[in-house]
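Participant: 3D, please:
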Amino acid sequence: MQKVSIFIPVYRESELLEELLDGLIKDPYRKKEIFVVIDKPTKKSLKVVEKFKKKVKFILNGKRKGKVNALNEAVKYSSGDIFLFLDSDVKLPNNKSNFLKTLVEEMKNADIVEIKKKIIQDSFLSRIVNYDYLSFNFVNWLFSKFIKKCIGINGAAFAIRREVFKELGSFEREISEDLDIAIKSFLKNKKFSYLKNIEVLNKTHSSWKKWFEQRKRWSIGLALWIKKYFRDLITIVKEYPQVILPAIIFLFPTLLPLFLSFLFSTTIFEKISAIFFFFILMKLSFLIPFLSFSSITLMLIRNLFLFLTSFFITSILFFGISRKMNYRFNLLEFAFYFFIYCPFWFFILLVNFGRVFIFNKHDVKNWKI
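Facilitator: Below you'll find the predicted structure:
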């Protein structure tokens, strides 16, 4: 029986920590050890420490050392064959009593695994973010199915073999330490698997302000990751375009209208539009003053057509993968996700990519690696 070492980093406190620890302790898998590293613990955190100190190994830091430092420090005290990393804002579903046993069984044929994640849907924003998680989970399923390696994981819940973690050099001091260790595993040809038989529930922000701050950090981390591994990523795209390109579209549906714009030239669209409106005007001649065939009118109609077509295609795709991945799907929520949320998130990415690639600025407020 392989031993599982579980690591949970906490900054100050977490409202889900007590429930998470309770679930892990009650899990019937016997060969396990649990480490919780708390930077600048609050009174609430200290109460949790007091309650679980006989069954959980706590490391308390009086100052903020940062997530990477906290995890690398905890690993030094561990003795497990498998490392399971969990964020403090996740919880285990109540019906998954054999979580650790299933994990160990699934890892017999893998070096690093991504654990299925769903959002705790307790607000409108959380229900929208759930489509983000749906797309990311599906993309990792694609990597697992067709490449058996993966360039990016969600660090909220993943597992890796001890010897592989050490071979990859532990976590590096990066904002996106999870992306960093994933691509290193890819370049070292470590076998990746996406686990959909077990899952965790992820707590996300209900405040748009906090969501914005999180996405700013993520976009800067992503930009730095791309900058660091740019040549490797270009090689990977050339080698696996059949997986990488669909993955990009799933992760950023806003790019689909641009792809369709490239696929269907303006000239072809103008011809189709001219024929279409010609037939309309034969029946409704009073619309002639309003539907002139000016370049501006056609451009606006063209863009509207592309966005509506993209929405129709993406809705069908996301509905299909939501059924496959056992996720909730609501068309009105998805419309908000596609037309408002995704462009806003994509704009955040572009701005912060500019900060990193053009101005070489990568500071993140209120965050320490």
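Participant: now stretch 102-112: mean pLDDT?
Facilitator: Stretch 102-112 shows a mean pLDDT of 95.
Participant: worst-scoring helix or strand of this protein, pLDDT-wise?
Facilitator: helix 266-283 (a mean of 56; mean pLDDT, DSSP states H and E).
Participant: break down the protein into its strands, ranges please.
Facilitator: 4-11, 32-39, 57-61, 82-86, 90-91, 112-119, 157-161, 192-202 (DSSP state E).
Participant: next, format those strands as JSON lines and append mean neighbour count.
Facilitator: Bear in mind the C-beta positions are built from the backbone N, C-alpha and C, glycine included. As requested, the strands of the chain are exported to JSON lines (neighbours: other CB atoms under 10 Å):
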{"stretch": "strand 4-11", "mean neighbour count": "24"}
{"stretch": "strand 32-39", "mean neighbour count": "22"}
{"stretch": "strand 57-61", "mean neighbour count": "17"}
{"stretch": "strand 82-86", "mean neighbour count": "24"}
{"stretch": "strand 90-91", "mean neighbour count": "21"}
{"stretch": "strand 112-119", "mean neighbour count": "24"}
{"stretch": "strand 157-161", "mean neighbour count": "24"}
{"stretch": "strand 192-202", "mean neighbour count": "20"}
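Participant: to residue 321, which of those lies closest?
Facilitator: strand 192-202 (11.7 Å; CB to CB).
Participant: low-scoring pLDDT stretches of the chain, where are they?
Facilitator: 95-97, 258-303, 366-369 (pLDDT under 70).
Participant: do that again at 80, thanks
Facilitator: Applying pLDDT under 80 to the chain picks out residues 94-97, 256-306, 362-369.
Participant: in CSV: the strands of the chain, plus distance to residue 180.
Facilitator: Shown next, in CSV, are those (distance: least, CB to CB, whole Å):
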stretch, distance to residue 180
strand 4-11, 16
strand 32-39, 19
strand 57-61, 22
strand 82-86, 13
strand 90-91, 20
strand 112-119, 13
strand 157-161, 13
strand 192-202, 15
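Participant: can you say which of those is nearest to residue 150?
Facilitator: Using CB to CB, the nearest of the strands of the chain to residue 150 is strand 192-202, at 4.1 Å.
Participant: so how far is the closest one off the chain centroid?
Facilitator: How far strand 192-202 lies from its chain's middle: 13 Å, per CA atoms, centre = their mean, to the nearest Å.
Participant: please apply the same query to stretch 49-67.
Facilitator: On CA atoms, centre = their mean, the centre of stretch 49-67 falls 27 Å from that of its chain.
Participant: list the buried residues for that stretch?
Facilitator: 52, 56, 57, 58, 59, 61, 65, 66, 67 (16 or more other CB atoms under 10 Å).
Participant: so the longest helix along the chain versus strand 192-202, what angle?
Facilitator: With secondary structure taken from DSSP state H, the chain has its longest helix at helix 295-325. Here helix 295-325 runs at an angle of 90 degrees relative to strand 192-202 (axes from the mean of the first three to the mean of the last three CA atoms, to 10 degrees).
Participant: so helix 295-325 versus strand 112-119, what angle?
Facilitator: 110 degrees.
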